[in-house]
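Novice: What follows is a protein structure lacking sequence information:
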C-alpha cells in the first residue's frame, strides 16, 4: 500500500492542515504498518501555475516540443505518475479567502489531463484515476461546514470525482481562529474523526 500525502498549505512549518494530514497518515500507517508514505509538500516544492507557456507545451505534440516545453510537461507527468501509483491520498487543505490555496490549484491543474486522468466519451466525461481512497483534512479559522460559504468541499468533491476519485472522506478542524478553547475543541473533534477512520 502506498500513501501519498499532499500538504497544500503555503506554510512549510506549523500549518494546521498539515498537522491534521499528518495525523491521518499516522493513523493509516498504524493500521497498515507495511504502507509506504510519499510526501508532496507544496510549500517547499510549489508546482508552477498553468500559464501561456505551459499551455503551449501541453498542446504541442510530444515529438515537436522544444527541450524547454518537454521539461515543463515532464513536471506535470511526474505528479500524475505519483498520483497514479498511490493507493490512498491524504490532502491537507487550509481555507484561504473561502477557497483552496493556489498551491493546491496548481497541483490539480497539473494532474487533470484529458486522455490521461480523464476522458470524454459519448456518455460524458469519465475519470481515469480510479480505485483510490482520498482523505481531505480541512483546517479553517471560522466555521463553514455545511454552509453556503463552504466552496471548498463542493469543489473538491467535483474535481476529484471528475478524475475518478469518488471515495472521498473529509476531516474538519474549524473555528481555529476563534480562541484557544475553540481551537482545542476543534482538534479534539477532528482526532475523534481520525480515530474512527
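Specialist: Thanks, I have the structure now. All of these numbers come straight from a predicted model, not from anything done at the bench.
Novice: and the residue lying closest to residue 114 once chain neighbours are set aside, helix, strand or coil?
Specialist: Using CB to CB, 6 or more residues apart in numbering and skipping residues adjacent in sequence, the residue nearest residue 114 is residue 120, 7.1 Å away. C-beta coordinates here come from the backbone N, C-alpha and C atoms, glycine included. Look at residue 120: counting by DSSP: H, G, I helix; E, B strand; the rest coil, its state is strand.
Novice: Same question for the one 10 residues further on.
Specialist: When classified by three-state DSSP, residue 130 comes out as coil.
Novice: So it is in contact with residue 164, correct?
Specialist: Yes: here residue 130 reaches residue 164: they are 4.3 Å apart, a contact under CB atoms under 8 Å.
Novice: Ramachandran angles for the residue nearest to residue 108 when sequence neighbours are not counted?
Specialist: Leaving aside its chain neighbours, residue 108 sits nearest to residue 159 (5.8 Å; criterion: CB to CB, 6+ apart). For residue 159, the backbone dihedrals (degrees, to the nearest 10) come out as phi -70, psi -40.
Novice: what about residue 126, how many neighbours?
Specialist: Counted with other CB atoms under 10 Å, residues neighbouring residue 126 total 13.
Novice: per-residue confidence at the residue nearest to residue 108?
Specialist: With respect to pLDDT, residue 159 scores 98.
Novice: circling back: how near is the residue nearest to residue 114 to residue 18?
Specialist: 35 Å (CB to CB, to the nearest Å).
Novice: which of those two has more neighbours?
Specialist: Shown here are residue 120 and residue 18; by other CB under 10 Å, residue 18 has more neighbours (24 against 10).
Novice: Relative to residue 63, how far out is the more buried one?
Specialist: In terms of CB to CB, residue 18 sits 41 Å off from residue 63.
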